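1. Turn this into a model:
(one chain, ligands or ions: 1)
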Amino acid sequence: MRSKLPDIGTTIFTVMSRMAQEYGAINLSQGFPDFDCPPRLRELVSFYLNDRKNQYPPMTGIPQLREQIAAKVLDLYGFAADMDQEVTVTSGGTEALFDAIQATVSRGDEVIVFDPAYDSYGPGIALAGGVTVHIPLSLPDFRIDWNLVKERINERTRMIIINTPHNPSGAIMSRQDMDTLAELTRNREIYVLSDEVYEHMVFDGGVHESVLRHEELRQRSFAVFSFGKTYHATGWKLAYCVAPAALTAEFRKVHQFVTFTSPSFIQYAIADFMRECPEHAKELPAFYQAKRDTFCRLIKDSRFTFTPSRGTYFQLVDYSAISSLPDAEFANHLTQKKGVAAIPLSPFYEKAPKSTLLRFCFCKDDSTLEAAAQILCKL
Ligand SMILES: Cc1ncc(COP(=O)(O)O)c(C=O)c1O
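-> So this is what the prediction gives:
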């Protein structure tokens, strides 16, 4: 059969998680917590399931949830989004990213993506008939080289995808980055797809520079957020997209035929929880910063070298003092022979530089981090 995605295999997250399971390794690869979501939220989900909120909710998401989202966006980013015309609930950030790309990118359009890039962007662009233009982030701190972006923008450029805080590096974009992006896209038909699923994981007093804070940029942007990340419930696949009314109208045309809507009882539960416990999201930076600090302290005397992550729940480490294997091989070795699974960086690149970096996920119980660190410190 002729494949529409001939170069796409199984995502590295599934590959490494499966390998971790097969070899009984501690899984610091795929990004999901091994602790549970807040008990009150679980209670609310059970309540609404038993309350028979089990039929199709509205295509755009239930009003109670969109109202809470709009209130949160106003509180955090100072932007009064219109809950009816600018907020759409989706089945995961993954769906929102896909919908935004399908809604805007046509055959032959170019989409700028920064490598290492989250691996759902490329296939979404390919299925829309678009062309992915890969621009590598500058090492060692994974910054965007705006001169390169300026060189690559042309009449065919339709979208630029940014991701802050950045998976896998933990880098965060600055206000200056956002100003430059606004300047480079001004007076052009270029949309910004801003993947902000780690919005609440910014450390050391840093600020999450959402596109929604930026008056000019938000007028051309789809901003994507994920409840899965915020509420430690990645398996629920509930998320949302905030975009101007005209963009949202096109976005919804796709959304209604991709999933149409998302589980009703979870929407009701999250709407209540957001109203009852706004402090959950506000406490997340400190919660995850403590996890980062624990993990960094535990591996401080290992032969891995690292700079503490600035955001997300991932920590990059350099293993060059331990092995000269290529990253994918070293990740396999670590999983199969040593019992700790990690994610190599090369699958996030079109043309991977020679890298000796691995990504560890620290959204785990301290006991898991301790068990992993014991092994890592012996390498
Ligand atoms: C950068 C990035 N974007 C999007 C997603 C997808 O989020 P969701 O699980 O809500 O689909 C992830 C999940 O790991 C991610 O890391």
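2. Just the mean pLDDT for the longest helix belonging to the chain, thanks.
-> Identified as the longest helix of the chain according to DSSP state H is helix 279-298. The pLDDT scores in helix 279-298 average 97.
3. Quick one: mean pLDDT for the following helix or strand past it?
-> Beyond helix 279-298 on the C-terminal side, the first helix or strand identified by DSSP states H and E is strand 314-318. On average, the pLDDT along strand 314-318 is 98.
4. contacts for strand 314-318?
-> Identification of contacts with strand 314-318 by Cβ atoms under 8 Å, 6 or more residues apart in numbering yields 31, 167-170, 292, 295-296, 299, 304-309, 345, 356-362. In short, each C-beta sits where N, CA and C put it, glycine included.
5. do stretch 372-379 as well
-> With contacts defined as Cβ under 8 Å, 6+ apart, stretch 372-379 is touched by 26, 28, 295, 298-299, 301-304, 319, 322, 334, 338-340, 360, 364.
6. Swap in 7 Å and give it another go.
-> 26, 28, 298-299, 301-304, 322, 338-340 (Cβ atoms under 7 Å, 6 or more residues apart in numbering).
7. Out of the residues you listed, which is nearest to the ligand?
-> Using Cβ to the nearest ligand atom, Leu28 comes nearest to the ligand of the contacts of stretch 372-379, at 14.1 Å.
8. Could you report the neighbour count for that closest one?
-> 30 (other Cβ atoms under 10 Å).
9. Equivalent analysis for Ala286, please.
-> The number of residues packed near Ala286 is 10, by other Cβ under 10 Å.
10. Is it possible to mark the buried ones in the contacts of strand 314-318?
-> 31, 167-170, 292, 295-296, 299, 304, 306, 309, 345, 356-362 (16 or more other Cβ atoms under 10 Å).
11. The longest helix of the chain to strand 314-318, inter-axis angle?
-> 20 degrees (axes from the mean of the first three to the mean of the last three Cα atoms, to 10 degrees).
12. Just confirm Trp236 contacts Gly228, I think it does.
-> Yes - contact criterion Cβ atoms under 7 Å: Trp236 and Gly228 qualify, at 5.9 Å.
13. Now do the buried residues in stretch 72-80.
-> For stretch 72-80, burial by neighbour count (16+ other Cβ under 10 Å) applies to 72-73, 76-77, 79.
14. dump the residue contacts of the closest residue to the ligand within the chain.
-> Relative to the ligand, the nearest point of the chain is Gly92 (2.8 Å; Cβ to the nearest ligand atom). Gly92 is in contact with 226, 228, 237, 239, counting by Cβ under 7 Å, 6+ apart.
15. re the thing from before, which pair in the buried residues of stretch 72-80 has the greatest spatial separation?
-> For the buried residues of stretch 72-80, the maximum inter-member distance is 10.5 Å, found between Lys72 and Phe79 (Cβ to Cβ).
16. related to what we said a few turns ago, turn the contacts of stretch 372-379 into JSON lines, columns for distance to Ser210.
-> Compiled in JSON lines, the contacts of stretch 372-379 are given as follows (distance: Cβ to Cβ, whole Å):
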{"residue": "Ile26", "distance to Ser210": "34"}
{"residue": "Leu28", "distance to Ser210": "28"}
{"residue": "Leu298", "distance to Ser210": "32"}
{"residue": "Ile299", "distance to Ser210": "31"}
{"residue": "Asp301", "distance to Ser210": "37"}
{"residue": "Ser302", "distance to Ser210": "35"}
{"residue": "Arg303", "distance to Ser210": "38"}
{"residue": "Phe304", "distance to Ser210": "32"}
{"residue": "Ile322", "distance to Ser210": "38"}
{"residue": "Lys338", "distance to Ser210": "39"}
{"residue": "Gly339", "distance to Ser210": "39"}
{"residue": "Val340", "distance to Ser210": "34"}
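17. Neighbour-wise, give me the winner out of the residues you listed.
-> Among the contacts of stretch 372-379, Leu28 has the most neighbours (other Cβ under 10 Å), with 30 neighbours.
18. which non-adjacent residue is nearest that one?
-> What sits nearest to Leu28 in space, not counting adjacent residues and going by Cβ to Cβ, 6 or more residues apart in numbering, is Phe360, at 4.4 Å.
19. how far does the helix or strand containing the one you found sit from the chain's center?
-> If you go by DSSP H and E, Phe360 is part of strand 357-361. Chain-centre distance of strand 357-361: 15 Å, with Cα atoms, centre = their mean, to the nearest Å.
20. With just CA atoms, put the helix or strand following it into PDB.
-> Tracing the chain past strand 357-361, the next element assigned as helix or strand by DSSP H and E is helix 366-376. Output in PDB follows, covering the C-alpha atoms of helix 366-376 (Å, rounded to 0.1, in the frame of the first residue of the first chain):
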ATOM      1  CA  ASP A 366      10.800  10.600  44.900                       C
ATOM      2  CA  SER A 367      11.200   6.900  45.500                       C
ATOM      3  CA  THR A 368      11.300   6.300  41.700                       C
ATOM      4  CA  LEU A 369      13.900   9.100  41.300                       C
ATOM      5  CA  GLU A 370      16.000   7.700  44.100                       C
ATOM      6  CA  ALA A 371      16.000   4.200  42.600                       C
ATOM      7  CA  ALA A 372      16.900   5.500  39.200                       C
ATOM      8  CA  ALA A 373      19.700   7.800  40.600                       C
ATOM      9  CA  GLN A 374      21.200   4.900  42.500                       C
ATOM     10  CA  ILE A 375      21.800   3.100  39.100                       C
ATOM     11  CA  LEU A 376      22.800   6.300  37.300                       C
END
